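Q: Here is the input, now give the coordinates:
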Amino acid sequence: MDLTTTYLGMTLKNPLVVSPSPISEHVDSIKKLEDAGAGAIVLHSLFEEQISFLSQELNANLQQGDYSFAEALTYFPDLEDYKMGPEGYLGHVRQAKAAVDIPVIGSLNGVSTGGWVEYAKEIQQAGADAIELNVYYVPTNPAMTGGQVENMYIDLVRAVKANVTIPVAVKIGPFFSSLSNMAVKLSDAGADALVMFNRFYQPDIDLAKLEVKPDLVLSGSNQLRLRLRWVAILYGKIAADLAITGGVHTPEDVIKSMMAGANVAMTTSALLKNGIGHLTVLRDGVAKWMEENDYESIQQMRGAMSQKNCPEPAAFERANYMKILTEYAAETLHG
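A: Sure thing, here's the model as predicted:
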């Protein structure tokens, strides 16, 4: 079976891409990921706050008495010790590139076009094959309009693209009033791929301590459906590549991602649950299914069940909702 796919202008040996996580913090683990069958690896993220904390601009602001950002930093862990600082991250990119033959993608997590854009250039110079912009932003200011949020994303993409020559992927959330239109705008702004979707982690409330506490719940296959729906809708309508992240746990999840129209399927939670060797299970499972169902290549199946190619495109829209409600009501009344 031909498992190769294209993503960000690169040919990958298969569509399995490891998304950012603590797994990629160590070079030994990155080697194991390649050996287990990863087609590419997105390194853990360098956070904007890490860069801002060390920047001269922040120091100048603090000296002028602007304490708003300083107060915000108190909510973060010790940023000087967090994973690795900006310089350590660049060194990690170099080491990872020297250790493996598969593409290594750097990750920047932030929201502004400030000093971290310069680090996009430095990540490129360190040898990264591409950059993923993990735009993790929840607009909480009631005065901020949807248009302002969209422009912030678009300005960020344009700024990074103006400073690097390697491909740039943009990881976004699903919470835009017109996601299709936003996807077109990001593609037109220069995004070489859209990674769908960010998982915005929901904090819990500790009733014993009466405080908000972080809570990380790993994804499950049930979270794949939202990604499948939007990739299936966007397939063939934008120039940017499409990546699914969140909910990829089984070979069937990978196959569904390809059928919807994704170039690659990204996974992390499945590896945290099952170990790095689970990549081999995913790869071999996909190959087995392709053989059993007479598919010779990933390219042959890609987009086969997208809205563009689906014999019933309304299944991705309102008609499907009505159909499900009707069938469920019938089962409840007569079953």
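Q: Send over the helix or strand encompassing residue 289 as CSV, restricted to the C-alpha atoms.
A: Per DSSP states H and E, residue 289 falls inside helix 278-292. Output of helix 278-292 as CSV, limited to C-alpha atoms (Å, rounded to 0.1, in the frame of the first residue of the first chain):
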residue,chain,number,x,y,z
HIS,A,278,0.7,2.7,19.2
LEU,A,279,1.9,4.6,16.1
THR,A,280,2.8,1.2,14.6
VAL,A,281,-0.7,-0.1,15.4
LEU,A,282,-2.2,2.9,13.6
ARG,A,283,0.0,2.6,10.5
ASP,A,284,-0.4,-1.1,10.1
GLY,A,285,-4.1,-0.9,10.7
VAL,A,286,-4.6,1.7,8.0
ALA,A,287,-2.5,-0.4,5.6
LYS,A,288,-4.6,-3.5,6.4
TRP,A,289,-7.9,-1.7,5.9
MET,A,290,-6.7,-0.3,2.5
GLU,A,291,-5.7,-3.8,1.3
GLU,A,292,-9.0,-5.3,2.4
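Q: contacting residues around stretch 133-147?
A: Residues from elsewhere that reach stretch 133-147 (Cβ atoms under 8 Å, 6 or more residues apart in numbering): 20, 45, 107-111, 149, 152-153, 156-157, 160, 168-173, 176-177, 198, 200. C-betas here are computed from N, CA, C, even on glycine.
Q: Of those residues, which count as buried by neighbour count?
A: Buried members of the contacts of stretch 133-147, scored by 16 or more other Cβ atoms under 10 Å, are 20, 45, 107-111, 149, 152-153, 156-157, 160, 168-172, 176, 198.
Q: Check which helices and strands the lengthiest strand in the chain sits against.
A: Ordering each strand of the chain by length in residues (DSSP state E) puts strand 40-47 first. Strand 40-47 sits against strand 16-18, helix 27-36, helix 86-99, strand 104-109, helix 116-125, with contacts defined as 3 or more Cβ pairs under 8 Å, 6 or more residues apart in numbering; DSSP states H and E.
Q: Now find how far off-centre that strand is within its chain.
A: Remark: strand 40-47 is offset 10 Å from the chain centroid, using Cα atoms, centre = their mean, to the nearest Å.
Q: Can you tell me the strand partners of it and which way each runs?
A: strand 16-18 (parallel), strand 104-109 (parallel) (DSSP bridges).
Q: which stretch among those comes nearest residue 38?
A: Among these, strand 16-18 comes nearest to residue 38, with 5.0 Å by Cβ to Cβ.
Q: what's the average pLDDT for the closest one?
A: In this model, strand 16-18 has a mean pLDDT of 98.
Q: What of stretch 95-110?
A: Stretch 95-110 comes out at a mean pLDDT of 95.
Q: now swap in stretch 235-251 and tell me
A: 97.
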